[in-house]
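Student: Fold the following, please.
(2 chains)
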There are 2 protein chains.
Amino acid sequence: MSVKTMKLCILGFGAVGTGVAKVVSMKHDELIEKYGLDLVITAISDRSGAAINNDGLDPELALETKEKTGKIAEYPEFGVAGIDGIGVLNEVDYDCLVEVTPTNVDDGEPTQSHMLKAFEDKKHVVTSNKGPLALNFKTLVKAAEDNNVIFRYEASVGGAMPVINTGSESLAGNTISSVQGILNGTTNYILSRMANEGSEYESTLKEAQELGIAETNPYQDVEGLDAACKIVIIANSLMGWDVTLADVDRTGISNVSSSEVKAAVDDGYIIKLIAEAADGKLTVAPMMVKQSSPLAVNGTLNVTTFKTDLADEVTVIGFGAGSIETASAILGDLVYVGKHGGE
Amino acid sequence: MSVKTMKLCILGFGAVGTGVAKVVSMKHDELIEKYGLDLVITAISDRSGAAINNDGLDPELALETKEKTGKIAEYPEFGVAGIDGIGVLNEVDYDCLVEVTPTNVDDGEPTQSHMLKAFEDKKHVVTSNKGPLALNFKTLVKAAEDNNVIFRYEASVGGAMPVINTGSESLAGNTISSVQGILNGTTNYILSRMANEGSEYESTLKEAQELGIAETNPYQDVEGLDAACKIVIIANSLMGWDVTLADVDRTGISNVSSSEVKAAVDDGYIIKLIAEAADGKLTVAPMMVKQSSPLAVNGTLNVTTFKTDLADEVTVIGFGAGSIETASAILGDLVYVGKHGGE
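Tutor: Below you'll find the predicted structure:
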């Protein structure tokens, strides 16, 4: 098998970016053996600046530098302090942008500008970043198409849960009439514990925060904004809709009481924060799900059920968050780009 | 978008083959619009012979002919009585073989010869046929590779449940350490009813036969042979094992009693016919599954859970049988071949 080198520019070096570096390091030799794909990281950026080396950075040294100093710009010899994402893209030699900067759901920046620049420069893009996808999906897809490059974003919806690949590849040729899912692990964890233990929302949230499952500011999760972004991406990319975050009718879980949860359980149901695209409408809200339904998954699991004309119902379940789990979805996309992205 | 014509030779015109013809007919214009893929059926065969027209058969006329006469050889003008599969492959102009003849788990013939001939003739192959895949997986994959053509078989494991695509594409780069699944809908239906209704095996099987869910000769399903074929295909294609049907330690469901089923339910479990590839061993046997597990799906649903090093656990659920559901998986593979199979 001939070996193809693919140079990666990683913008963002938080939980997801460090996961990608770990996975690329861990799987480097195996990917060459299995797919003839030699992944080389030529740039990594964070708020401090970047490390850039067109001959390839050492992912382990990058991770060590980040862990010790908190700044990738401290990377020996090849660190560049203060350079921003666009600056990095102007400097570095790369084939595929891995855009994993923090999600911004207000205007999608600077991620959107990073991705548009990469497309214009005829580079492939793989991302986990929901913001610009939930705000300006069509613009991004058209830019990729116009420049004849590949744009993949499996990790943006539910981490390692294979939603986009299933909807676009396995169900190719199907018409997806509706989608229902639990697209946020934090709220599923809270609701699952409330159902199992009869606990109240506030105390359960507090425990989830102590365990690091909920963030200190849990707003985006518990008020359904994270799930709303994801159902928008699903509707646009897999159902051909043309919608944005503002089109989602959204209710969070902060008003769900333990007595409601208990009453549902007694009737054979369970209350879940369901994101739904059906009948032209997008909804995120607490809903009753039958305990015997494939949707009734517990803990931090995510789940998505597609209703289709040919395959009937297809469901995928997986972990929607986690550094390595999300990096796994990015790696799947990178292997796709390596296989199908030309030279 | 440029439109690419892909000529299909369909060998086998039973439940799956007629499903493929229906789906190709129903989705023809949509596939052109969505993927620039013009699917043209140039041959269809069954036991009676074949219909062959290098300019394209009319799928609706083929379905009507089959329904009225039971014989595709009766197709007006282009029917050929008595010709066998190899004969058809010698006659017809095609790009992709759709091999959907009945499964033979004894020696995999004549399917295996059909597929090997197609590969030698530099044709792509899409199949739902478990037999040769469970018996001689490596031979077939090597023949496809040697001839630089695409070989896809999503429909061979669990119909519309996207096992192969998830394991090979979404989980690319992952090491799959173990797989557990319910890979047979008939047995899942019987065990689900026994659990829900407290009924005995024999009477439940009889009802399933009356409903057309179990076959008159249910041996391959209830004794786990069908599930065994599928776990062999999973282990070979997604886990890199080199195993065959004889390597499966297999126990069917005919000795499962209603009292065992009830005892499991009372303890929060449910008895399922689980196919497992773990620790170098292949097993098909009735096992206890927690009712809260993603594996605990009911009715005729199939399910597969992958345990992996990066993505942790990923589960897919779908209908493992049905004419149109199986054709849906074949269509997904055909779109893949159309996209990536060159001119």
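Student: Tell me the confidence at the closest residue to A:D84 other than its chain neighbours?
Tutor: Among residues not flanking A:D84 along the chain, A:P110 sits closest, at 7.4 Å (C-beta to C-beta, 6 or more residues apart in numbering or on different chains). (C-beta placed from N, C-alpha, C; glycine too.) We have a pLDDT of 96 for A:P110.
Student: got the contact list for A:P110?
Tutor: Neighbouring residues of A:P110 by C-beta atoms under 8 Å, 6 or more residues apart in numbering or on different chains: A:84-86, A:101, A:104.
Student: cool, A:P162 as well?
Tutor: A:P162 neighbours (C-beta under 8 Å, 6+ apart): A:154, A:316, A:318, A:329, A:332, B:162, B:166, B:170-171, B:314, B:316.
Student: Show the average pLDDT along stretch A:10-17.
Tutor: For stretch A:10-17, mean pLDDT rounds to 97.
Student: Only alpha carbons, please: show the helix or strand hosting A:L331 as CSV.
Tutor: Using DSSP states H and E, A:L331 sits in helix A:323-340. Extracted in CSV, the C-alpha atoms of helix A:323-340 (Å, rounded to 0.1, in the frame of the first residue of the first chain):
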residue,chain,number,x,y,z
SER,A,323,-12.0,14.4,25.1
ILE,A,324,-11.0,11.1,23.5
GLU,A,325,-14.6,10.1,22.5
THR,A,326,-14.9,13.4,20.5
ALA,A,327,-11.4,12.9,19.1
SER,A,328,-12.6,9.5,17.9
ALA,A,329,-15.3,11.1,15.8
ILE,A,330,-12.7,13.5,14.4
LEU,A,331,-10.4,10.7,13.6
GLY,A,332,-13.1,8.9,11.7
ASP,A,333,-13.6,12.0,9.6
LEU,A,334,-9.8,12.4,9.1
VAL,A,335,-9.6,8.8,7.8
TYR,A,336,-12.5,9.6,5.4
VAL,A,337,-10.6,12.7,4.2
GLY,A,338,-7.5,10.7,3.8
LYS,A,339,-9.3,8.0,1.7
HIS,A,340,-11.3,10.3,-0.4
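Student: Next, the buried residues of it.
Tutor: A:323-338 (16 or more other C-beta atoms under 10 Å in any protein chain shown).
Student: ok, which of those residues also contact chain B?
Tutor: A:324-325, A:327-329, A:331-332, A:334-336 (C-beta under 8 Å from any C-beta of the partner chain).
Student: Export the residues you listed as TSV, with columns for pLDDT.
Tutor: Shown next, in TSV, are these (pLDDT from 0 to 100):
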residue	pLDDT
A:I324	96
A:E325	96
A:A327	97
A:S328	97
A:A329	98
A:L331	98
A:G332	97
A:L334	98
A:V335	98
A:Y336	97
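Student: any chance of the residues you listed in JSON lines, plus distance to A:P286?
Tutor: What follows is these, written out as JSON lines (distance: C-beta to C-beta, whole Å):
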{"residue": "A:I324", "distance to A:P286": "30"}
{"residue": "A:E325", "distance to A:P286": "25"}
{"residue": "A:A327", "distance to A:P286": "31"}
{"residue": "A:S328", "distance to A:P286": "29"}
{"residue": "A:A329", "distance to A:P286": "27"}
{"residue": "A:L331", "distance to A:P286": "34"}
{"residue": "A:G332", "distance to A:P286": "31"}
{"residue": "A:L334", "distance to A:P286": "36"}
{"residue": "A:V335", "distance to A:P286": "37"}
{"residue": "A:Y336", "distance to A:P286": "35"}
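Student: From the contact counts, what lies against the helix holding A:L331?
Tutor: strand A:4-11, helix A:15-35, strand A:37-46, strand A:96-99, strand A:124-127, strand A:151-152 (3 or more C-beta pairs under 8 Å, 6 or more residues apart in numbering or on different chains; DSSP states H and E).
Student: Between the ones you listed, which one is closest to chain B.
Tutor: helix A:15-35 (5.3 Å; C-beta to the nearest C-beta).
Student: the inter-axis angle of the closest one versus strand A:4-11?
Tutor: 180 degrees (axes from the mean of the first three to the mean of the last three C-alpha atoms, to 10 degrees).
Student: Flag every residue of the stretch 151-300 of chain A that's near chain B.
Tutor: Looking at chain B, the residues of the stretch 151-300 of chain A close enough under C-beta under 8 Å from any C-beta are A:154, A:160-162, A:165-166, A:169-175, A:292, A:294, A:297-298.
Student: Now the buried members of these.
Tutor: Using 16+ other C-beta under 10 Å, the buried ones in these are A:154, A:160-162, A:165-166, A:169-174, A:292, A:294, A:297-298.
Student: Please narrow these to those residing in helices.
Tutor: Among those, the members found in helices (DSSP state H) are A:N165.
Student: Report the two of the buried ones among the residues of the stretch 151-300 of chain A next to chain B separated the most.
Tutor: A:G173 and A:N298 (33.1 Å; C-beta to C-beta).
Student: so where is chain A shaky, pLDDT-wise?
Tutor: Along chain A, segments meeting pLDDT under 70 span A:343.
Student: So which residue is dead centre in it?
Tutor: With distances taken as C-alpha atoms, centre = their mean, A:S156 lies nearest the centre of chain A, 2.3 Å away.
Student: What ranges does the stretch 101-250 of chain A have for its strands?
Tutor: Here the stretch 101-250 of chain A has its strands, by DSSP state E, counting those that start in this stretch, at A:124-127, A:151-152, A:176-182, A:248-250.
Student: buried residues in the third one?
Tutor: This means strand A:176-182. Of the residues in strand A:176-182, A:176, A:178-182 count as buried by neighbour count, 16+ other C-beta under 10 Å.
Student: Would you reformat these as a markdown table and include distance to A:V3?
Tutor: Output for those, formatted as a markdown table (distance: C-beta to C-beta, whole Å):
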| residue | distance to A:V3 |
| --- | --- |
| A:I176 | 38 |
| A:S178 | 44 |
| A:V179 | 39 |
| A:Q180 | 43 |
| A:G181 | 38 |
| A:I182 | 40 |
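Student: how much space between the closest residue to A:P59 other than its chain neighbours and A:D58?
Tutor: Excluding its sequence neighbours, the residue lying closest to A:P59 (C-beta to C-beta, 6+ apart) is A:S25, at 3.9 Å. Per C-beta to C-beta, to the nearest Å, A:S25 is found 8 Å from A:D58.
Student: of the ones next to chain B among the buried residues of helix A:323-340, closest to A:K7?
Tutor: A:L334 (11.4 Å).
Student: How about the contacts made by the residue nearest to the closest one when sequence neighbours are not counted?
Tutor: Among residues not flanking A:L334 along the chain, A:V126 sits closest, at 5.8 Å (C-beta to C-beta, 6+ apart). A:V126 is in contact with A:96-99, A:152-153, A:155, A:330, A:333-334, A:337, counting by C-beta under 8 Å, 6+ apart.
Student: Please convert those to TSV, extending it with distance to B:A263.
Tutor: Formatted as TSV, the contacts of A:V126 follow (distance: C-beta to C-beta, whole Å):
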residue	distance to B:A263
A:C96	54
A:L97	56
A:V98	51
A:E99	53
A:R152	48
A:Y153	47
A:A155	43
A:I330	45
A:D333	46
A:L334	48
A:V337	51
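Student: Report the beta-bridge partners for A:A285.
Tutor: A:I274 (DSSP bridges).
Student: surely it meets A:G224?
Tutor: Yes. A:A285 lies in contact with A:G224 (C-beta atoms under 8 Å); the separation is 7.3 Å.
Student: These two: which has the busier surroundings?
Tutor: When A:A285 and A:G224 are compared for neighbours, A:G224 comes out ahead with 28 against 17, by other C-beta atoms under 10 Å in any protein chain shown.
Student: Is the more buried one in contact with A:T251, as I believe?
Tutor: Yes. With contact defined as C-beta under 8 Å, A:G224 reaches A:T251; the gap is 6.5 Å.
Student: who touches both of those two?
Tutor: Common neighbours of A:G224 and A:T251 (C-beta under 8 Å, 6+ apart) are A:284-285.
Student: Fine, thanks again, bye for now.
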